[in-house]
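Asker: Sequence and predicted model, in that order:
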Amino acid sequence: MSSRTSASLCVPLLLLIRATAPAALWTSGHGDISLRYSATPQPTLSYQWNVGIGGDPATVDGSEVYDTPYSPLSLTPVVSDRQASSPDAILTGGSLLYLVPQDGTDASLIGSPFQGWSTGGIPGGLFTGNQIRLTLTGVNGPGEVSLWSNDAFGGSVFRWASADGFTPDDTLMLGVGGHSHYNLGFSLPGEYSLQALAHAAFSAGGSVATPITLRYSVVPESSSSILLIGVAVVFCQRRGRRPHWPYSKKEFEQFPGICTVGLRLGVHFFPFSLRTPSRQV
């Protein structure tokens, strides 16, 4: 079961800037969540982002990158603000969704990352049935999250659906040594933090289970973006810095905090409100 709560945004704006600004922003191109296993100092499942793979460049912070790894918290996928029809409004939390498509052509058309799931770095035979499970256990964000695939008959097979609560059925099965793609949908724009449990049974006996967190940013509507950029430009001019576009990562770090968040969030993130809902287990 899940509950919906709301918390007042009383934290100073500068603290929020410092918490969000360092992550690089992945806006398009092919990339994977690459699962990894480590036996020491204790058995652990983890992941890293690998973007610009297979000869397909990815756009990160406005620049093309190839075959580049990122740690989980150093990269944030930015989901397009174009909405797509929901395959099941009950399971997805609405009739329209902000979508990371399963299909690469669709991702290019709407300007979204083409995100895959890879287990190629894990040796075969280590886990029973060569299977790893990712079970969704919680969502912090303004809306619902769902993960599904399109079957051969045009139907939808759901793996994750936060709208009806969190159960063991919210599990994505990944075969070791494989690479796959799924649709990932968000019902509302905003910042999302997805909690999942990566777990598997060892062929030799015993098991491993490790919590992981996936972060996504669903961009705002264009009018909100323009407003935030305008506020940032005015503030920067008053502070004696003449803004220009695009900015390098180094230039972002040199701007005053309020200017940085206005420009960066104005393009990629959602407007601030007095109350922000969250989903928790």
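Answerer: Looks like it arrived, so ask away.

Asker: Looking at this protein, which strand is longest?
Answerer: Across the chain, the strand with the greatest residue count (assigned by DSSP state E) is strand 24-38.

Asker: Packing partners of that strand?
Answerer: strand 44-51, strand 58-60, strand 75-79, helix 104-110, strand 113-118, strand 207-218 (3 or more C-beta pairs under 8 Å, 6 or more residues apart in numbering; DSSP states H and E). No exception for glycine: its C-beta is placed from N, CA and C like everyone else's.

Asker: Would you mind giving those as a markdown table with mean pLDDT and mean neighbour count added?
Answerer: Shown next, in a markdown table, are the helices and strands packed on strand 24-38 (pLDDT from 0 to 100; neighbours: other C-beta atoms under 10 Å):
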| stretch | mean pLDDT | mean neighbour count |
| --- | --- | --- |
| strand 44-51 | 97 | 21 |
| strand 58-60 | 97 | 23 |
| strand 75-79 | 97 | 24 |
| helix 104-110 | 92 | 15 |
| strand 113-118 | 97 | 22 |
| strand 207-218 | 98 | 18 |
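
Asker: Excluding chain neighbours, give the residue nearest to the residue nearest the centre of the chain in space.
Answerer: For the chain, the residue sitting closest to the mean C-alpha position, by C-alpha atoms, centre = their mean, is residue 216 at 2.7 Å. Nearest-residue entry for residue 216: residue 192, 4.6 Å, with adjacent residues in sequence omitted and distances by C-beta to C-beta, 6 or more residues apart in numbering.

Asker: Tell me, how many residues neighbour the one you found?
Answerer: 26 (other C-beta atoms under 10 Å).

Asker: quick one, what contacts it?
Answerer: Applying C-beta atoms under 8 Å, 6 or more residues apart in numbering to residue 192 gives the contacts 139, 140, 141, 142, 143, 145, 186, 215, 216, 217, 218.

Asker: I'd like to know how far the third one sits from residue 216.
Answerer: The span separating residue 141 from residue 216 equals 8 Å under the rule C-beta to C-beta, to the nearest Å.

Asker: anything in contact with each of those two?
Answerer: 186, 191, 192.

Asker: next one: phi and psi at the second one?
Answerer: Spelled out, it's residue 191. phi -100, psi 130 (degrees, to the nearest 10).

Asker: what's the closest non-adjacent residue to it?
Answerer: That would be residue 217: by C-beta to C-beta, 6+ apart, it lies 5.7 Å from residue 191.

Asker: Kindly report the same for residue 116.
Answerer: Per C-beta to C-beta, 6+ apart, closest to residue 116 is residue 32, 4.3 Å.

Asker: Excluding sequence neighbours, find me the nearest residue to residue 210.
Answerer: Per C-beta to C-beta, 6+ apart, closest to residue 210 is residue 45, 4.4 Å.
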